[in-house]
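A.B. asks: Below are the sequence and a predicted model for it; my questions follow.
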Amino acid sequence: MKKQVLKPIENETEEVTFKISAEVLGGAKKASIAGEFNNWDITKNPFKITKGIGSVTITLEKGREYQYRFVINGETWVNDPSAAKQVANEFGEQNSVISL
């Protein structure tokens, strides 16, 4: 039996930077992103807020769609106004969607 060495597939993941505007933050000092990529954990991916604008970079697997929402001050869930797609969730609201 001949051994075959498989080369790793390059670029299976992509770093995605999510941004939250000052308008959406509304002066909040704390915000995070929760979604399928972090089991909807509101503490796992906090935004870094600088001059009233937040950003966070997350490494995601390519070839998938992910639902997510922004969480302001740990309690107010809002959609990403720049998301290209929204889908209904089980709470009668919408989730933002990113496709890679």
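C.D. replies: Cool, the structure landed.
A.B. asks: Show me where the chain has its helices.
C.D. replies: Secondary structure of the chain (DSSP state H): helices at 22-25.
A.B. asks: any low-confidence regions in this protein?
C.D. replies: For the chain, applying pLDDT under 70 flags the ranges 1-10.
A.B. asks: Try it again at 50.
C.D. replies: 1-8 (pLDDT under 50).
A.B. asks: can you give me the strands for it?
C.D. replies: Using DSSP state E, the strands of the chain run over residues 13-20, 31-35, 48-50, 53-61, 65-72, 76-78, 85-88, 94-99.
A.B. asks: who does the third one pair up with?
C.D. replies: When you say that, I think you mean strand 48-50. For strand 48-50, the paired strands and their directions (DSSP bridges) are strand 53-61 (antiparallel).
A.B. asks: picking up where we left off before, could I get the strands of the chain as JSON lines with distance to Asp41 and mean neighbour count?
C.D. replies: For the C-beta atoms, the positions are set from N, CA and C on the backbone; glycine is no exception. Converted to JSON lines, the strands of the chain look like this (distance: least, CB to CB, whole Å; neighbours: other CB atoms under 10 Å):
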{"stretch": "strand 13-20", "distance to Asp41": "15", "mean neighbour count": "14"}
{"stretch": "strand 31-35", "distance to Asp41": "6", "mean neighbour count": "22"}
{"stretch": "strand 48-50", "distance to Asp41": "17", "mean neighbour count": "12"}
{"stretch": "strand 53-61", "distance to Asp41": "12", "mean neighbour count": "15"}
{"stretch": "strand 65-72", "distance to Asp41": "10", "mean neighbour count": "20"}
{"stretch": "strand 76-78", "distance to Asp41": "13", "mean neighbour count": "14"}
{"stretch": "strand 85-88", "distance to Asp41": "20", "mean neighbour count": "12"}
{"stretch": "strand 94-99", "distance to Asp41": "15", "mean neighbour count": "18"}
